[in-house]
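# Generate coordinates for the sequence data below:
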Amino acid sequence: MLKNTFLKPIIPLFLFILISACSKDEDPEPANEEEVITLVTLEVTKVGSSETITYNFEVEGHAHDDEDEDDDDDHDGHEGEHIEIELEPNSSYNVSMLIYNDTDPNNVENITLEVIEEADEHQIFYAITDELSGFSIASGSNDNSDSDGNPLFLKTTWTTTGETSGDVVSYLIHEPTSKTGSTRNDFGGATDFEIEFEVHVEE
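Sure thing, here's the model as predicted:
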């Protein structure tokens, strides 16, 4: 009789522990945190030349709550100093984009590798303004692709004709709803970063 009395409170306690353990096992794993991107680099090499010019773009957060509302130096959410890329007419250039998190200078993360690994969930888009006539950007022959064969545009070929100048905005798009388009809105998804620069084509 004493033995049965002792077991009765133990059994519910054991069942509670068992159910709690099962509940923890069934909890979904937390989603991967979005990678922090602080630096984008464009390496520009003229076809037929061995000289590579590197352009670095600091990437800031998309929240601008702390910015001065009267500050007009940063238009349309594009941040960092204005960068001009000088090109020659009637020429082609191989351009590689590299993406980093250099928050810790002693442990710089190459986010480019993760973008390639998750190619189905990413797309790079270059928006070229109308005044930049005779200038085009195409996927390079050594570009990376997603599982459907869509180019990522990490490695591109820039082609110039006559002298011209104008702005280009480059976006890294996360989970695009489309992999093709002529404007940023055509791709849907979220913007992981956007960088702006001016292209000058002249002798």
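# and the gap between the residue positioned nearest the centre of the chain and N106?
Centroid-nearest residue in the chain, with C-alpha atoms, centre = their mean: L172, separated by 3.4 Å. L172 sits 25 Å away from N106, going by C-beta to C-beta, to the nearest Å. (C-beta placed from N, C-alpha, C; glycine too.)
# what about the chain, any weak spots by pLDDT?
Scanning the chain with the threshold set as pLDDT under 70 gives 1-34, 61-81.
# in it, which spans are helices?
Assigned by DSSP state H, the helices in the chain fall at 2-26, 111-117.
# Please name the residues that touch the nearest residue to V115 once chain neighbours are set aside.
What sits nearest to V115 in space, not counting adjacent residues and going by C-beta to C-beta, 6 or more residues apart in numbering, is H122, at 5.0 Å. By C-beta atoms under 8 Å, 6 or more residues apart in numbering, H122 lies in contact with V115, D146, L152, L172, I173, H174, P176, D192.
# Please apply the same query to T191.
H62, Y171, L172, I173, H174, R184.
# who's it bridged to?
I173 (DSSP bridges).
# Likewise for S96?
With DSSP bridges as the rule, S96 is bridged to E43, K155.
# To what extent is it buried, counted in neighbours?
18 (other C-beta atoms under 10 Å).
# That one against E43, yeah?
Yes: between S96 and E43 there is a contact under C-beta atoms under 8 Å: 4.5 Å.
# where's E114 relative to A190, distance?
Taking C-beta to C-beta, one finds E114 at 16 Å from A190.
# So which of the two has more stuff around it?
Between E114 and A190, counted using other C-beta under 10 Å, E114 has the larger neighbour count: 14 against 11.
# Hmm, E35 and that one touching each other?
Yes: E114 is within contact range of E35, at 6.2 Å (criterion: C-beta under 8 Å).
# show me what contacts T161?
P89, N90, G134, F135, V201 are the contacts of T161 under C-beta under 8 Å, 6+ apart.
# Any chance of a markdown table for the residues you listed, columns neighbour count?
Output for the contacts of T161, formatted as a markdown table (neighbours: other C-beta atoms under 10 Å):
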| residue | neighbour count |
| --- | --- |
| P89 | 14 |
| N90 | 12 |
| G134 | 13 |
| F135 | 21 |
| V201 | 23 |
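# quick one: which of the residues you listed is nearest G48?
Closest approach to G48 among the contacts of T161 (C-beta to C-beta): N90, at 12.2 Å.
# which residues sit in contact with that closest one?
T160, T161, G162.
# That'll do, ta.
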